[in-house]
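J.: Provided below for reference: sequence and predicted model.
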Amino acid sequence: MTTVGSLRRVYVWQVPVRLTHWLIAASIIVLAVTGFYIGRPMITVPGPAGESFFMGWVKVVHGYVAYVFLTAVVVRLIWMFTGNKYARWDKFLPVHPSRRHGLWPTVKFYLFAQRKPPGFVGHNPVAGATYMLVFGLYFVAIITGLMLRSASADVESPVRWFASLAPIIGGLQVARWIHHGVMWLLLGFAVHHVYSAVLMSTVEANATMESIFSGYKFVPPEDLEYSGYRFINRKGQVDE
């Protein structure tokens, strides 16, 4: 840990956290673009259909990137139990009193009803809980995607097993609508995620945006000792 002025340089985001973050982000972009085209093909390819494989290549790219997405999500989940304290599962679920006390002040900060956010070094409690919901959306997208893939999978492929799940939710058409809806929810979250990261990075001036590349944040010493209590007292009340 290095001290820079009154701040301390802290290694927050380990390599697996940053790598899976960017793999998931890039995968969602590619999957959204190829998914749009698969649902609504807008490019007309001249000549006999048998001489063109454009839609086929789009589906191939969509399929392989989906497996990259699945792998990155699984690795990140494993890292919730094996990574450093900022990557752990308890930073996503508010099981500790300090994080529960920080929920409402953080919501007030996001709603512009409070000038300063609580000083959490890693994910704040609201962001952590939101990311857990986002991981739930990831799994809905993965399961419905595998259901759709099972319709054209090889007979001996293990993916065919997911076809047995489709009747539970009403069939493949329902799976397609859910898959499509989750995509929009994830794209909407991505917009909010970027906005929140820029906001927190600007207000806290702790290199939040830079940290997802470097892994390092610059935080006040008291945030390391009393995480979440920089602007709230131990009763969870704002202490300006």
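T.: Everything's here; your move. Residues are numbered from 1 along each chain as shown.
J.: so what's His220 up against?
T.: Wrong residue type there; residue 220 is Pro, not His. Each residue near Pro220 by Cβ atoms under 8 Å, 6 or more residues apart in numbering is listed here: 6-8, 119, 230. All C-beta atoms are positioned from the backbone trio N, CA, C, and that covers glycine.
J.: show me the contacts for the closest residue to Ala163 other than its chain neighbours.
T.: Counting by Cβ to Cβ, 6 or more residues apart in numbering, Ala163 lies nearest to Ser150, which is 4.0 Å off, once chain neighbours are set aside. Ser150 makes contact with 157, 159-163, 166, according to Cβ under 8 Å, 6+ apart.
J.: Just put the contacts of Pro220 in CSV and tack on secondary structure and pLDDT.
T.: Shown next, in CSV, are those (DSSP: H, G, I helix; E, B strand; the rest coil; pLDDT from 0 to 100):
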residue, secondary structure, pLDDT
Ser6, coil, 74
Leu7, strand, 81
Arg8, strand, 85
Gly119, coil, 78
Arg230, coil, 59
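J.: re earlier: what's the closest of the contacts of Ser150 to Pro94?
T.: Taking Cβ to Cβ as the measure, Pro94 lies nearest Phe162 of the contacts of Ser150, at 33.0 Å.
J.: in terms of contact, does the closest one touch Met147 like I think?
T.: Yes: taking Cβ atoms under 8 Å as the definition, Phe162 is a contact partner of Met147 at 4.8 Å.
J.: how about the helices in the protein?
T.: Counting by DSSP state H, the chain has helices at residues 15-39, 54-82, 97-101, 103-110, 125-150, 166-169, 172-204, 208-214, 221-225.
J.: As JSON lines, those helices with distance to Arg88 and mean pLDDT would be great.
T.: Converted to JSON lines, those look like this (distance: least, Cβ to Cβ, whole Å; pLDDT from 0 to 100):
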{"stretch": "helix 15-39", "distance to Arg88": "11", "mean pLDDT": "95"}
{"stretch": "helix 54-82", "distance to Arg88": "6", "mean pLDDT": "95"}
{"stretch": "helix 97-101", "distance to Arg88": "12", "mean pLDDT": "81"}
{"stretch": "helix 103-110", "distance to Arg88": "18", "mean pLDDT": "86"}
{"stretch": "helix 125-150", "distance to Arg88": "10", "mean pLDDT": "95"}
{"stretch": "helix 166-169", "distance to Arg88": "32", "mean pLDDT": "92"}
{"stretch": "helix 172-204", "distance to Arg88": "20", "mean pLDDT": "91"}
{"stretch": "helix 208-214", "distance to Arg88": "17", "mean pLDDT": "89"}
{"stretch": "helix 221-225", "distance to Arg88": "16", "mean pLDDT": "71"}
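J.: Thank you kindly, that will do.
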